[in-house]
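[1] with the input below, show me the fold.
(chains A and B)
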2 protein chains.
Amino acid sequence: MSEIIATYHFNKVINHPEAFAEKLAVGLTVGSWTDLTTLDQSHLQGFKGRVVKTEILADITEVTIGYPVKNVTPDFSSILTTVFGKLSLDGEVKLVELDLGDYATYFPGPAFGVQGVRALLKVEERPLVMSIFKGIIGRDVTFFRQQLKEQALGGVDIIKDDEILYDVPELPFEERIQAAAEVLEEVQQETGKRVLYAANLSGPVFQLPEKAKRAKELGATALLFNVHAYGLDVLKGLRELNLGLPIMAHPSFSGAISGSPNYGLSYGLLLSKLTQLAGADFILFPAPYGSVPISESEARRIVTESSEAFPVPSAGIHPGLVKRLIDDYGRDIVINAGGGVHGHPRGAAAGGQAFIEAIAAYDGEEPGIAYKEAIKLWGTS
Amino acid sequence: MSEIIATYHFNKVINHPEAFAEKLAVGLTVGSWTDLTTLDQSHLQGFKGRVVKTEILADITEVTIGYPVKNVTPDFSSILTTVFGKLSLDGEVKLVELDLGDYATYFPGPAFGVQGVRALLKVEERPLVMSIFKGIIGRDVTFFRQQLKEQALGGVDIIKDDEILYDVPELPFEERIQAAAEVLEEVQQETGKRVLYAANLSGPVFQLPEKAKRAKELGATALLFNVHAYGLDVLKGLRELNLGLPIMAHPSFSGAISGSPNYGLSYGLLLSKLTQLAGADFILFPAPYGSVPISESEARRIVTESSEAFPVPSAGIHPGLVKRLIDDYGRDIVINAGGGVHGHPRGAAAGGQAFIEAIAAYDGEEPGIAYKEAIKLWGTS
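    You can find the predicted model right below:
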């Protein structure tokens, strides 16, 4: 019998963990057991939760329960409601792992993934570099074009919208996509380099499929999506449209679900495993460098779980961190920077170039000028 | 200038709260300020966040920031990403209040609300009573019909699906709705009483509008929805279809977002205020009686924020708690019970009747037999 296996951390030592877990496994599925007739028990056996394991880990009780897949449908809402619907309301309990087993085949996963995105960009094996707009809120399409072009000229692979830029009158979604298609075509003519632009898909949820299709028609090359503010099933639905556009999952709002050590879902599970299953090609996450309160082990799990999609360590990234990023997470990553591009002494084009030079330097080439300038400003840690 | 006002609790004493808040207000909107030219500052003033207030409350720093509505679109995803997207990733910070001001008019709110639901049921001013299926997982339509009829015969106003029952082969969504329409028509013929059945709307997110319309065609009288596992914008989108069906918002999964005292959104904000704005007619929440770790003050806020929708205190409710429920939350509530209906010594019909009698007793009538039996079993606290 196929099962979905959920592992929970209860932030206390539970004295009789097996009995506690059995009560949960029954309560969260068939609801009662000892009251049932033998005939009913026999029939309902296939729908009853099963205690897989319990363990006391210092001050935490780890409980692992298997849920028959017959109880759910292949939607995150269904699975999360079954394994963590009522239980999330029961005090200090964190869902740390969810193993869908065979049932994972019902979830699409990335359309492009690492290899597909590399093929689009014609970049075979170096880490990719992504740049983010800066100070775009309240600006118009002229500002957008200028900043896009400057960033693209530095040699970065991808430029992404600010996740707080929506479909606003100053700079509408369609206008951004059309402007970007033109600017990036110009850049390709000038430099030979293809650059992707990830436009932030936003707006009323049931209009998103049409907006995404329209984006593709207008020449969009990727989509950014605030998946955790919308819901994982919305990403899954968009992915299942097979738009031919890679999708970048932004971690915005995920701290509301994963930030606490004792509640919600672990970052590795939410940001990476489930988001990849839903169809993200890029998984942005806060890098554990600088001030972001994500631990190195959590970050490592995010990268490990992102086995098909590109993990994108973000926040406070500058060229001096490139060596550490590659050493920590390998070459199948996207190095993502905002201030670390725009803050370069010679502007955003030199800022992007500095990242490309940093990767080349990692691979043994002579350090370039832009890279040296960046290191002088920001150091190497 | 219209603003959305967000209030945060940082779980620490911040030494220079005004400066800290100003940095946030700028960083979460226009991104930089002192680097800008006077001309740019003048232009961007209308897009910049504004510190409304800061205050130290014992060990907590309360920060209130106003965000220009020009920065967002009328979607929860947009607003939550702006006010709590990046910030949710920044450690121990909780979004405790969100005041949309005039912008709230862009959000639909309940289609029926308290008065609309009362009109549907022809129940003028007493608290409503709702019963939940028990042990329905894995059962077929014969079992469903029997249990539905038994519950309905007790005189309850609404019967809701178990939130963990999806559109499964044993008991598909459409089959449940058709069976319920027949059974509840029979009951109305026999007793004169109209009973609503809230069917759990589930499945792939972009199929939900069609499923909801089909449900209405098949005679559905209400929908149950796991809004927090799907996302608030999905509820808003369903509400905006104007289906002519009241929608019941289940609190499943909300503990992942609201359970922690130091992270996420407060229960009152998420479960009640935002869910009502999104269009829920009923707001289910765990009552602070018994073992549920929700405080009395949080529960009171949930009820207060639910000014148009019916608050539905749930979990561990039995007839002996009716007096306390009415005293605590007033008469515009739905009293919701599972075990407190099905566990009655004479079965679910008597169980429902006991609740109706409990309300009558509160209003000065002689206590009925079913109510007395329930009190004997469960007591009055």
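[2] got the contact list for residue A:246?
    Each residue near residue A:246 by C-beta atoms under 8 Å, 6 or more residues apart in numbering or on different chains is listed here: A:110-112, A:116-117, A:120, A:196, A:198, A:221-223, A:281-282. Any C-beta I mention is one placed from the backbone N, CA and C, and that applies to glycine too.
[3] which residue ranges make up each domain of chain A?
    Domain segmentation of chain A under automatic domain parsing yields A:3-106, A:113-378.
[4] so is the first one next to chain B?
    Yes - applying C-beta under 8 Å from any C-beta of the partner chain, one finds domain A:3-106 touching chain B at A:28-32, A:36, A:43-44, A:46-47, A:70-73, A:75-78, A:80-82, A:84-92, A:95.
[5] taking those one by one, which sit in strands?
    Members of the residues of domain A:3-106 next to chain B lying in strands (criterion: DSSP state E): residue A:95.
[6] show me the residues of domain A:3-106 next to chain B that map onto helices.
    Using DSSP state H, the subset of the residues of domain A:3-106 next to chain B located in helices is A:43, A:44, A:76, A:77, A:78, A:80, A:81, A:82, A:84.
[7] okay, now the first one: neighbour count?
    Neighbourhood size, residue A:43 [other C-beta atoms under 10 Å in any protein chain shown]: 15.
[8] from the ones in helices among the residues of domain A:3-106 next to chain B, which two are the most distant?
    The largest distance within these, taken as C-beta to C-beta, falls between A:43 and A:76 and amounts to 28.4 Å.
[9] how about the spatially closest residue to residue A:86 that is not a sequence neighbour, secondary structure?
    The shortest distance from residue A:86 to any non-neighbouring residue, by C-beta to C-beta, 6 or more residues apart in numbering or on different chains, is to residue B:252 (6.2 Å). State at residue B:252, reduced to three classes by DSSP: H, G, I helix; E, B strand; the rest coil: coil.
[10] low-confidence ranges, the stretch 151-300 of chain A, go.
    When residues are selected by pLDDT under 70, none of them lie in the stretch 151-300 of chain A.
[11] what about the stretch 1-150 of chain A, any weak spots by pLDDT?
    Checking the stretch 1-150 of chain A against pLDDT under 70 turns up A:1.
[12] quick one, helices of it?
    Using DSSP state H, counting those that start in this stretch, the helices found in the stretch 1-150 of chain A span residues A:17-27, A:38-44, A:76-84, A:113-121, A:141-153.
[13] wait, residue A:227 touches residue A:276, no?
    No - counting by C-beta atoms under 8 Å, residue A:227 does not reach residue A:276; the two are 10.9 Å apart.
[14] so the two - more neighbours on which side?
    Neighbours were counted for residue A:227 and for residue A:276 using other C-beta under 10 Å; residue A:227 has more, 32 against 25.
[15] residue A:345: neighbour count?
    12.
[16] do you know the pLDDT at it?
    For residue A:345, the pLDDT comes out at 95.
[17] can you put the domains of chain A in CSV and add distance to residue B:264?
    What follows is the domains of chain A, written out as CSV (distance: least, C-beta to C-beta, whole Å):
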stretch, distance to residue B:264
domain A:3-106, 11
domain A:113-378, 4
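[18] that older thread, PyMOL command for the buried members of the contacts of residue A:246?
    Selection of buried members from the contacts of residue A:246 for PyMOL, criterion 16 or more other C-beta atoms under 10 Å in any protein chain shown:
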select buried, chain A and resi 110+111+112+117+120+196+198+221+222+223+281+282
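[19] max pairwise distance over the contacts of residue A:246: which two?
    By the measure C-beta to C-beta, A:110 and A:221 form the most distant pair in the contacts of residue A:246, at 15.6 Å.
[20] contacts only, for the nearest residue to residue A:345 once chain neighbours are set aside.
    Excluding the flanking residues, the one nearest residue A:345 by C-beta to C-beta, 6+ apart is residue A:373, at 5.4 Å. Counting by C-beta under 8 Å, 6+ apart, residue A:373 touches A:344, A:345, A:346, A:350, A:354.
[21] let's go with 10 Å and repeat that
    Listed by C-beta atoms under 10 Å, 6 or more residues apart in numbering or on different chains, the contact set of residue A:373 reads A:319, A:344, A:345, A:346, A:350, A:351, A:353, A:354, A:357.
[22] state the helix or strand in which it lies.
    Assigning secondary structure by DSSP states H and E places residue A:373 in helix A:369-378.
[23] hmm, back to that, just the buried residues of the residues of domain A:3-106 next to chain B.
    The neighbour-count test (16+ other C-beta under 10 Å) applied to those identifies A:28-31, A:36, A:44, A:47, A:70-73, A:75-78, A:80-82, A:84-92, A:95 as buried.
[24] all strands for chain A, in order.
    Along chain A, the stretches classed as strands by DSSP E are A:3-10, A:50-57, A:60-68, A:93-99, A:128-132, A:158-160, A:196-200, A:222-225, A:247-249, A:264-265, A:282-286, A:310-314, A:334-337.
[25] nearest to residue B:179, out of those strands?
    The closest of the strands of chain A to residue B:179 is strand A:60-68. By C-beta to C-beta, the value is 23.7 Å.
[26] and that closest one, what does it pack onto?
    Under the contact criterion of 3 or more C-beta pairs under 10 Å, 6 or more residues apart in numbering or on different chains; DSSP states H and E, strand A:60-68 touches strand A:3-10, helix A:17-27, strand A:50-57, helix A:76-84, strand A:93-99.
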